[in-house]
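Novice: Give me a model of this one.
(4 chains)
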2 protein chains.
Amino acid sequence: MANERKIDCVILGLLSHEELTGYEIKKRMDTTLKYFWSASYGSIYPALSDLVSRGLATKREDTESKRNKQIYSITEEGCRYLREWLTVPVEKDELRYETLLKLFFGNEQETKQALTHIKAFEEKIEKELPYLLEAEKVLKACLNEDAAHKYYLLTVKFGIKTYQAYLEWCEEAKKFLMDSGA
Amino acid sequence: MANERKIDCVILGLLSHEELTGYEIKKRMDTTLKYFWSASYGSIYPALSDLVSRGLATKREDTESKRNKQIYSITEEGCRYLREWLTVPVEKDELRYETLLKLFFGNEQETKQALTHIKAFEEKIEKELPYLLEAEKVLKACLNEDAAHKYYLLTVKFGIKTYQAYLEWCEEAKKFLMDSGA
DNA sequence: TTCATCATATATCAAAGTGATATATTTTTC
DNA sequence: GAAAAATATATCACTTTGATATATGATGAA
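Specialist: Reported below is the predicted structural model:
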(Lines give C-alpha, C1' and ligand atoms only; values in the text may rest on other atoms or scores of the structure.)
Protein backbone atom coordinates (compact mmCIF):
# COMPACT_ATOMS: atom_id res chain seq x y z
CA MET A 1 0.00 0.00 0.00
CA ALA A 2 2.49 2.61 -1.08
CA ASN A 3 1.39 4.15 -4.36
CA GLU A 4 -2.38 4.20 -4.59
CA ARG A 5 -3.90 6.20 -7.38
CA LYS A 6 -5.96 8.87 -5.70
CA ILE A 7 -8.78 8.46 -8.19
CA ASP A 8 -9.27 4.84 -7.07
CA CYS A 9 -9.50 5.86 -3.42
CA VAL A 10 -12.01 8.67 -3.99
CA ILE A 11 -14.24 6.46 -6.09
CA LEU A 12 -14.11 3.64 -3.53
CA GLY A 13 -14.84 6.18 -0.80
CA LEU A 14 -17.96 7.31 -2.62
CA LEU A 15 -19.02 3.76 -3.44
CA SER A 16 -18.58 2.71 0.20
CA HIS A 17 -21.67 4.76 0.97
CA GLU A 18 -23.90 4.00 -2.02
CA GLU A 19 -24.03 2.43 -5.48
CA LEU A 20 -23.25 4.95 -8.20
CA THR A 21 -22.80 5.40 -11.95
CA GLY A 22 -19.78 7.17 -13.40
CA TYR A 23 -21.95 10.16 -14.12
CA GLU A 24 -23.19 10.31 -10.54
CA ILE A 25 -19.62 10.04 -9.25
CA LYS A 26 -18.69 13.04 -11.36
CA LYS A 27 -21.65 14.93 -9.90
CA ARG A 28 -20.54 14.18 -6.33
CA MET A 29 -17.11 15.50 -7.25
CA ASP A 30 -18.57 18.72 -8.59
CA THR A 31 -20.83 19.35 -5.61
CA THR A 32 -19.94 17.67 -2.33
CA LEU A 33 -16.20 17.15 -2.83
CA LYS A 34 -15.71 20.28 -4.91
CA TYR A 35 -14.23 22.31 -2.05
CA PHE A 36 -11.26 20.03 -1.52
CA TRP A 37 -11.06 17.59 -4.43
CA SER A 38 -11.88 17.21 -8.12
CA ALA A 39 -11.78 14.63 -10.89
CA SER A 40 -12.60 14.51 -14.59
CA TYR A 41 -14.54 11.98 -16.68
CA GLY A 42 -11.25 11.14 -18.31
CA SER A 43 -10.02 9.69 -15.04
CA ILE A 44 -13.31 8.38 -13.62
CA TYR A 45 -14.44 6.04 -16.39
CA PRO A 46 -11.10 4.30 -16.95
CA ALA A 47 -10.68 3.99 -13.17
CA LEU A 48 -14.08 2.31 -12.83
CA SER A 49 -13.19 -0.32 -15.45
CA ASP A 50 -9.89 -0.83 -13.74
CA LEU A 51 -11.45 -1.23 -10.29
CA VAL A 52 -13.77 -3.90 -11.65
CA SER A 53 -10.93 -5.79 -13.32
CA ARG A 54 -9.02 -5.72 -10.02
CA GLY A 55 -12.02 -7.02 -8.09
CA LEU A 56 -12.39 -3.87 -5.97
CA ALA A 57 -15.78 -3.01 -7.50
CA THR A 58 -18.51 -4.72 -9.51
CA LYS A 59 -20.58 -3.43 -12.39
CA ARG A 60 -24.17 -4.20 -13.29
CA GLU A 61 -26.36 -2.90 -16.08
CA ASP A 62 -29.43 -1.01 -14.92
CA THR A 63 -32.50 -2.79 -16.26
CA GLU A 64 -35.17 -0.53 -14.78
CA SER A 65 -34.27 2.79 -16.37
CA LYS A 66 -34.30 3.25 -20.11
CA ARG A 67 -30.82 4.70 -20.00
CA ASN A 68 -27.54 3.02 -20.71
CA LYS A 69 -26.70 3.00 -17.03
CA GLN A 70 -23.71 1.14 -15.57
CA ILE A 71 -24.12 0.90 -11.80
CA TYR A 72 -20.99 0.28 -9.74
CA SER A 73 -20.74 -1.23 -6.25
CA ILE A 74 -17.82 -1.72 -3.91
CA THR A 75 -16.71 -5.29 -3.05
CA GLU A 76 -15.40 -6.65 0.25
CA GLU A 77 -11.93 -6.45 -1.24
CA GLY A 78 -12.60 -2.84 -2.22
CA CYS A 79 -13.67 -2.02 1.34
CA ARG A 80 -10.45 -3.51 2.67
CA TYR A 81 -8.43 -1.46 0.18
CA LEU A 82 -10.22 1.73 1.20
CA ARG A 83 -9.87 1.05 4.92
CA GLU A 84 -6.17 0.42 4.44
CA TRP A 85 -5.72 3.69 2.54
CA LEU A 86 -7.53 5.62 5.25
CA THR A 87 -4.99 4.48 7.85
CA VAL A 88 -1.95 5.48 5.78
CA PRO A 89 -0.63 9.01 6.54
CA VAL A 90 -1.60 11.80 4.15
CA GLU A 91 0.95 12.23 1.38
CA LYS A 92 0.13 15.67 0.07
CA ASP A 93 -2.17 18.62 0.65
CA GLU A 94 -1.89 20.98 -2.23
CA LEU A 95 -3.11 24.49 -2.88
CA ARG A 96 -2.77 25.79 -6.42
CA TYR A 97 -4.13 29.31 -6.65
CA GLU A 98 -3.62 31.07 -9.94
CA THR A 99 -4.91 34.23 -8.25
CA LEU A 100 -1.90 34.28 -5.93
CA LEU A 101 0.44 33.54 -8.82
CA LYS A 102 -0.85 36.53 -10.79
CA LEU A 103 -0.66 38.64 -7.66
CA PHE A 104 2.88 37.52 -6.91
CA PHE A 105 4.07 38.64 -10.34
CA GLY A 106 2.02 41.78 -9.98
CA ASN A 107 4.99 44.11 -10.09
CA GLU A 108 4.82 43.61 -13.83
CA GLN A 109 1.34 45.04 -13.93
CA GLU A 110 -0.63 47.99 -12.63
CA THR A 111 -2.10 48.03 -9.12
CA LYS A 112 -5.43 48.14 -10.87
CA GLN A 113 -4.86 44.70 -12.37
CA ALA A 114 -4.00 43.26 -8.98
CA LEU A 115 -7.17 44.74 -7.52
CA THR A 116 -9.19 43.21 -10.34
CA HIS A 117 -7.87 39.73 -9.56
CA ILE A 118 -8.52 40.17 -5.85
CA LYS A 119 -12.08 41.36 -6.48
CA ALA A 120 -12.80 38.46 -8.84
CA PHE A 121 -11.52 36.07 -6.18
CA GLU A 122 -13.63 37.78 -3.52
CA GLU A 123 -16.76 37.53 -5.64
CA LYS A 124 -16.22 33.85 -6.31
CA ILE A 125 -15.82 33.13 -2.60
CA GLU A 126 -18.80 35.28 -1.66
CA LYS A 127 -20.90 33.36 -4.15
CA GLU A 128 -19.87 29.96 -2.84
CA LEU A 129 -19.90 30.62 0.90
CA PRO A 130 -23.71 30.54 1.23
CA TYR A 131 -23.79 26.96 -0.07
CA LEU A 132 -21.34 25.92 2.60
CA LEU A 133 -23.32 27.71 5.30
CA GLU A 134 -26.51 26.02 4.09
CA ALA A 135 -24.77 22.63 4.10
CA GLU A 136 -23.62 23.28 7.66
CA LYS A 137 -27.18 24.01 8.75
CA VAL A 138 -28.57 20.89 7.09
CA LEU A 139 -25.82 18.64 8.45
CA LYS A 140 -26.18 20.00 11.98
CA ALA A 141 -29.89 19.25 11.84
CA CYS A 142 -29.44 15.61 10.85
CA LEU A 143 -26.21 14.82 12.58
CA ASN A 144 -27.52 11.64 14.18
CA GLU A 145 -29.13 10.15 11.11
CA ASP A 146 -25.85 8.84 9.74
CA ALA A 147 -22.44 8.33 11.32
CA ALA A 148 -20.86 9.82 8.20
CA HIS A 149 -22.56 13.20 8.71
CA LYS A 150 -20.14 14.03 11.49
CA TYR A 151 -17.26 13.88 9.05
CA TYR A 152 -19.09 15.70 6.28
CA LEU A 153 -19.75 18.50 8.75
CA LEU A 154 -16.06 18.73 9.59
CA THR A 155 -15.07 19.25 5.96
CA VAL A 156 -17.83 21.83 5.51
CA LYS A 157 -16.62 23.66 8.62
CA PHE A 158 -13.13 23.64 7.12
CA GLY A 159 -14.48 25.29 3.98
CA ILE A 160 -16.36 27.93 5.96
CA LYS A 161 -13.38 28.78 8.14
CA THR A 162 -11.01 29.17 5.22
CA TYR A 163 -13.50 31.05 3.04
CA GLN A 164 -14.08 33.53 5.86
CA ALA A 165 -10.31 33.92 6.20
CA TYR A 166 -10.09 34.52 2.43
CA LEU A 167 -12.70 37.28 2.64
CA GLU A 168 -10.86 38.96 5.50
CA TRP A 169 -7.67 38.80 3.46
CA CYS A 170 -9.40 40.30 0.42
CA GLU A 171 -10.56 43.27 2.50
CA GLU A 172 -7.10 43.84 3.92
CA ALA A 173 -5.36 43.32 0.59
CA LYS A 174 -7.59 45.82 -1.19
CA LYS A 175 -7.08 48.38 1.54
CA PHE A 176 -3.32 47.79 1.53
CA LEU A 177 -3.03 48.25 -2.24
CA MET A 178 -5.18 51.35 -2.30
CA ASP A 179 -3.39 52.97 0.64
CA SER A 180 0.08 52.22 -0.68
CA GLY A 181 -0.58 54.56 -3.59
CA ALA A 182 -2.53 53.37 -6.60
CA MET B 1 -4.04 34.13 -25.44
CA ALA B 2 -6.50 31.47 -24.39
CA ASN B 3 -4.65 28.32 -23.37
CA GLU B 4 -1.30 29.18 -21.84
CA ARG B 5 0.58 26.42 -20.13
CA LYS B 6 0.88 27.51 -16.54
CA ILE B 7 4.47 26.30 -16.32
CA ASP B 8 5.48 28.81 -19.03
CA CYS B 9 3.85 31.68 -17.16
CA VAL B 10 5.41 30.84 -13.78
CA ILE B 11 8.86 30.52 -15.30
CA LEU B 12 8.51 33.79 -17.20
CA GLY B 13 7.26 35.42 -14.02
CA LEU B 14 10.36 34.32 -12.15
CA LEU B 15 12.66 35.27 -15.03
CA SER B 16 11.09 38.72 -15.24
CA HIS B 17 12.80 39.52 -11.98
CA GLU B 18 16.19 37.85 -12.44
CA GLU B 19 18.21 35.45 -14.60
CA LEU B 20 17.93 31.87 -13.38
CA THR B 21 18.97 28.29 -14.07
CA GLY B 22 16.45 25.45 -14.15
CA TYR B 23 17.72 24.31 -10.80
CA GLU B 24 17.27 27.76 -9.27
CA ILE B 25 13.74 27.96 -10.68
CA LYS B 26 12.93 24.69 -8.95
CA LYS B 27 14.32 26.11 -5.72
CA ARG B 28 12.12 29.19 -5.98
CA MET B 29 9.14 26.88 -6.46
CA ASP B 30 10.00 24.90 -3.37
CA THR B 31 10.52 27.93 -1.14
CA THR B 32 8.89 31.19 -2.20
CA LEU B 33 6.03 29.87 -4.31
CA LYS B 34 5.55 26.69 -2.29
CA TYR B 35 2.48 27.99 -0.44
CA PHE B 36 0.39 28.45 -3.56
CA TRP B 37 2.14 26.78 -6.48
CA SER B 38 4.50 23.93 -7.36
CA ALA B 39 6.33 22.46 -10.33
CA SER B 40 8.61 19.50 -10.99
CA TYR B 41 11.89 19.20 -12.89
CA GLY B 42 9.99 17.14 -15.42
CA SER B 43 8.02 20.20 -16.43
CA ILE B 44 10.64 22.91 -15.84
CA TYR B 45 13.46 21.69 -18.09
CA PRO B 46 11.32 20.90 -21.15
CA ALA B 47 9.47 24.20 -20.68
CA LEU B 48 12.75 26.13 -20.64
CA SER B 49 13.85 24.59 -23.94
CA ASP B 50 10.44 25.31 -25.36
CA LEU B 51 10.47 28.95 -24.22
CA VAL B 52 13.82 29.46 -25.92
CA SER B 53 12.63 27.89 -29.16
CA ARG B 54 9.60 30.19 -29.11
CA GLY B 55 11.74 33.26 -28.51
CA LEU B 56 10.26 34.03 -25.10
CA ALA B 57 13.56 33.34 -23.30
CA THR B 58 17.25 33.04 -24.16
CA LYS B 59 19.84 30.62 -22.85
CA ARG B 60 23.54 31.18 -22.26
CA GLU B 61 26.20 28.88 -20.88
CA ASP B 62 27.81 30.08 -17.68
CA THR B 63 31.54 30.46 -18.31
CA GLU B 64 32.57 31.67 -14.86
CA SER B 65 31.49 28.74 -12.71
CA LYS B 66 32.90 25.30 -13.30
CA ARG B 67 29.43 23.81 -13.36
CA ASN B 68 27.38 22.88 -16.35
CA LYS B 69 25.13 25.88 -15.80
CA GLN B 70 22.50 27.01 -18.31
CA ILE B 71 21.35 30.51 -17.43
CA TYR B 72 18.00 31.66 -18.78
CA SER B 73 16.78 35.23 -19.37
CA ILE B 74 13.44 36.59 -20.45
CA THR B 75 13.15 38.37 -23.83
CA GLU B 76 11.05 41.40 -24.78
CA GLU B 77 8.62 39.00 -26.42
CA GLY B 78 8.54 36.97 -23.19
CA CYS B 79 7.74 40.10 -21.18
CA ARG B 80 4.86 40.87 -23.50
CA TYR B 81 3.58 37.31 -23.15
CA LEU B 82 3.75 37.52 -19.35
CA ARG B 83 2.07 40.92 -19.21
CA GLU B 84 -0.70 39.66 -21.43
CA TRP B 85 -1.27 36.60 -19.21
CA LEU B 86 -1.41 38.77 -16.10
CA THR B 87 -4.33 40.73 -17.53
CA VAL B 88 -6.38 37.65 -18.41
CA PRO B 89 -8.87 36.57 -15.69
CA VAL B 90 -7.88 33.69 -13.43
CA GLU B 91 -9.04 30.35 -14.80
CA LYS B 92 -8.79 28.15 -11.75
CA ASP B 93 -7.94 28.21 -8.06
CA GLU B 94 -7.67 24.69 -6.80
CA LEU B 95 -7.39 23.15 -3.37
CA ARG B 96 -6.57 19.44 -3.22
CA TYR B 97 -6.35 18.31 0.37
CA GLU B 98 -5.95 14.61 0.92
CA THR B 99 -6.46 15.25 4.63
CA LEU B 100 -10.04 16.37 3.97
CA LEU B 101 -10.62 13.45 1.66
CA LYS B 102 -9.58 10.96 4.33
CA LEU B 103 -11.66 12.82 6.86
CA PHE B 104 -14.69 12.86 4.58
CA PHE B 105 -14.60 9.09 4.23
CA GLY B 106 -13.92 8.82 7.92
CA ASN B 107 -17.11 6.92 8.68
CA GLU B 108 -15.24 3.92 7.43
CA GLN B 109 -12.63 4.31 10.12
CA GLU B 110 -12.31 4.89 13.85
CA THR B 111 -12.57 8.36 15.33
CA LYS B 112 -8.99 7.78 16.41
CA GLN B 113 -7.85 7.61 12.79
CA ALA B 114 -9.60 10.88 11.99
CA LEU B 115 -7.91 12.53 14.95
CA THR B 116 -4.55 11.24 13.79
CA HIS B 117 -4.99 12.86 10.37
CA ILE B 118 -6.11 16.14 11.93
CA LYS B 119 -3.15 16.18 14.29
CA ALA B 120 -0.69 15.43 11.48
CA PHE B 121 -2.20 18.30 9.49
CA GLU B 122 -2.00 20.59 12.52
CA GLU B 123 1.66 19.76 13.10
CA LYS B 124 2.56 20.41 9.49
CA ILE B 125 0.88 23.81 9.57
CA GLU B 126 2.41 24.71 12.93
CA LYS B 127 5.81 23.87 11.54
CA GLU B 128 5.38 26.01 8.44
CA LEU B 129 3.65 29.04 9.93
CA PRO B 130 6.82 30.48 11.54
CA TYR B 131 8.48 30.73 8.11
CA LEU B 132 5.58 32.74 6.82
CA LEU B 133 5.62 35.01 9.89
CA GLU B 134 9.36 35.53 9.44
CA ALA B 135 8.87 36.31 5.74
CA GLU B 136 6.21 38.84 6.69
CA LYS B 137 8.59 40.57 9.08
CA VAL B 138 11.39 40.71 6.53
CA LEU B 139 9.14 41.97 3.75
CA LYS B 140 7.57 44.63 5.93
CA ALA B 141 11.06 45.88 6.79
CA CYS B 142 12.16 46.28 3.18
CA LEU B 143 8.88 47.14 1.55
CA ASN B 144 10.26 50.15 -0.29
CA GLU B 145 13.36 48.51 -1.66
CA ASP B 146 11.52 46.85 -4.51
CA ALA B 147 8.08 47.44 -5.99
CA ALA B 148 7.57 43.66 -6.10
CA HIS B 149 7.82 43.30 -2.33
CA LYS B 150 4.34 44.72 -1.92
CA TYR B 151 2.91 41.79 -3.85
CA TYR B 152 5.11 39.21 -2.17
CA LEU B 153 3.83 40.48 1.15
CA LEU B 154 0.23 40.05 0.02
CA THR B 155 0.75 36.38 -0.83
CA VAL B 156 2.53 35.82 2.48
CA LYS B 157 -0.33 37.48 4.33
CA PHE B 158 -2.70 35.16 2.50
CA GLY B 159 -0.73 32.19 3.74
CA ILE B 160 -0.71 33.45 7.32
CA LYS B 161 -4.44 34.16 7.35
CA THR B 162 -5.36 30.77 5.99
CA TYR B 163 -2.88 28.87 8.15
CA GLN B 164 -4.28 30.56 11.24
CA ALA B 165 -7.77 29.60 10.11
CA TYR B 166 -6.56 26.01 9.63
CA LEU B 167 -5.23 25.90 13.17
CA GLU B 168 -8.50 27.24 14.57
CA TRP B 169 -10.34 24.57 12.60
CA CYS B 170 -8.02 21.85 13.92
CA GLU B 171 -8.78 22.89 17.50
CA GLU B 172 -12.51 22.87 16.89
CA ALA B 173 -12.44 19.64 14.91
CA LYS B 174 -10.51 17.78 17.60
CA LYS B 175 -12.84 19.05 20.29
CA PHE B 176 -15.90 18.14 18.20
CA LEU B 177 -14.73 14.59 17.58
CA MET B 178 -13.74 13.98 21.18
CA ASP B 179 -17.00 15.41 22.55
CA SER B 180 -19.21 13.49 20.15
CA GLY B 181 -18.11 10.26 21.77
CA ALA B 182 -14.82 8.68 20.83
C1' DT C 1 44.19 14.15 2.97
C1' DT C 2 40.83 11.58 1.77
C1' DC C 3 36.45 9.98 1.91
C1' DA C 4 31.64 10.46 2.61
C1' DT C 5 27.93 13.36 2.28
C1' DC C 6 25.44 17.14 0.72
C1' DA C 7 24.24 20.62 -2.69
C1' DT C 8 24.28 21.86 -7.37
C1' DA C 9 22.90 20.90 -12.02
C1' DT C 10 20.56 18.76 -16.03
C1' DA C 11 17.75 15.33 -18.13
C1' DT C 12 14.29 11.77 -19.06
C1' DC C 13 10.07 8.87 -18.77
C1' DA C 14 6.13 6.04 -17.32
C1' DA C 15 2.08 7.03 -15.19
C1' DA C 16 -1.70 10.02 -13.61
C1' DG C 17 -4.95 13.34 -14.53
C1' DT C 18 -7.21 17.29 -17.15
C1' DG C 19 -10.08 19.43 -20.33
C1' DA C 20 -12.19 19.13 -24.36
C1' DT C 21 -14.89 16.78 -27.36
C1' DA C 22 -18.02 13.23 -29.46
C1' DT C 23 -22.16 10.70 -29.29
C1' DA C 24 -26.73 9.37 -27.98
C1' DT C 25 -30.82 9.23 -25.36
C1' DT C 26 -34.25 10.94 -22.02
C1' DT C 27 -36.51 14.62 -19.67
C1' DT C 28 -38.06 19.16 -19.15
C1' DT C 29 -39.64 23.48 -20.75
C1' DC C 30 -41.76 26.69 -23.66
C1' DG D 1 -44.13 19.04 -30.75
C1' DA D 2 -39.75 21.32 -31.08
C1' DA D 3 -35.84 23.10 -28.59
C1' DA D 4 -33.05 22.96 -24.73
C1' DA D 5 -31.21 20.81 -20.76
C1' DA D 6 -29.87 16.84 -18.23
C1' DT D 7 -28.31 12.19 -18.17
C1' DA D 8 -24.91 8.88 -19.53
C1' DT D 9 -20.59 6.86 -21.43
C1' DA D 10 -16.32 7.14 -23.78
C1' DT D 11 -11.93 8.70 -25.73
C1' DC D 12 -7.64 11.34 -26.49
C1' DA D 13 -4.06 14.82 -26.92
C1' DC D 14 -1.72 17.24 -23.82
C1' DT D 15 0.16 18.69 -19.22
C1' DT D 16 2.33 17.58 -15.15
C1' DT D 17 4.12 14.61 -11.55
C1' DG D 18 7.27 11.76 -9.17
C1' DA D 19 10.87 8.94 -9.58
C1' DT D 20 15.15 8.05 -11.24
C1' DA D 21 19.75 8.52 -13.53
C1' DT D 22 23.99 10.85 -13.94
C1' DA D 23 27.75 13.77 -12.79
C1' DT D 24 30.40 17.18 -10.43
C1' DG D 25 31.56 20.82 -6.92
C1' DA D 26 31.69 22.00 -1.92
C1' DT D 27 31.89 20.90 2.96
C1' DG D 28 33.42 18.86 6.88
C1' DA D 29 34.93 15.14 9.80
C1' DA D 30 38.36 11.37 10.62
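
Novice: ok, the closest residue to DNA strand C within chain A - how many residues close by?
Specialist: Nearest to DNA strand C in chain A, going by Cβ to the nearest atom of the strand, is residue A:42, at a distance of 2.0 Å. For glycine as for every other residue, the C-beta is placed from the backbone atoms N, C-alpha and C. Residue A:42: 8 surrounding residues under other Cβ atoms under 10 Å in any protein chain shown.

Novice: tell me the contacts of whichever residue of chain A sits closest to DNA strand D?
Specialist: Closest to DNA strand D within chain A is residue A:42: 2.9 Å, counting by Cβ to the nearest atom of the strand. Contacts for residue A:42 (Cβ atoms under 8 Å, 6 or more residues apart in numbering or on different chains) come out as none.

Novice: Which of the three states applies to it?
Specialist: Using DSSP: H, G, I helix; E, B strand; the rest coil, the structure places residue A:42 in helix.

Novice: Which pLDDT value does the model give it?
Specialist: As predicted, residue A:42 sits at a pLDDT of 97.

Novice: ok, it to residue A:7 distance?
Specialist: Look at residue A:42 and residue A:7: by Cβ to Cβ, to the nearest Å, they are 10 Å apart.

Novice: Which residue ranges make up the domains of chain A?
Specialist: Per automatic domain parsing, the structural domains of chain A span A:6-87, A:98-179.

Novice: now these in a markdown table, with distance to residue B:24?
Specialist: Listed next are the domains of chain A as a markdown table, based on distance: least, Cβ to Cβ, whole Å:
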| stretch | distance to residue B:24 |
| --- | --- |
| domain A:6-87 | 30 |
| domain A:98-179 | 17 |
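
Novice: Do a quick rundown of the helices in chain A.
Specialist: A:6-15, A:22-30, A:41-53, A:76-87, A:98-104, A:111-141, A:149-179 (DSSP state H).

Novice: For those, give me JSON lines that also has distance to residue B:76.
Specialist: Output for those, formatted as JSON lines (distance: least, Cβ to Cβ, whole Å):
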{"stretch": "helix A:6-15", "distance to residue B:76": "42"}
{"stretch": "helix A:22-30", "distance to residue B:76": "42"}
{"stretch": "helix A:41-53", "distance to residue B:76": "38"}
{"stretch": "helix A:76-87", "distance to residue B:76": "50"}
{"stretch": "helix A:98-104", "distance to residue B:76": "21"}
{"stretch": "helix A:111-141", "distance to residue B:76": "20"}
{"stretch": "helix A:149-179", "distance to residue B:76": "28"}
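
Novice: and those, which is most packed in?
Specialist: Of all these, helix A:98-104 has the most neighbours on average by mean count of other Cβ atoms under 10 Å in any protein chain shown, namely a mean of 24.
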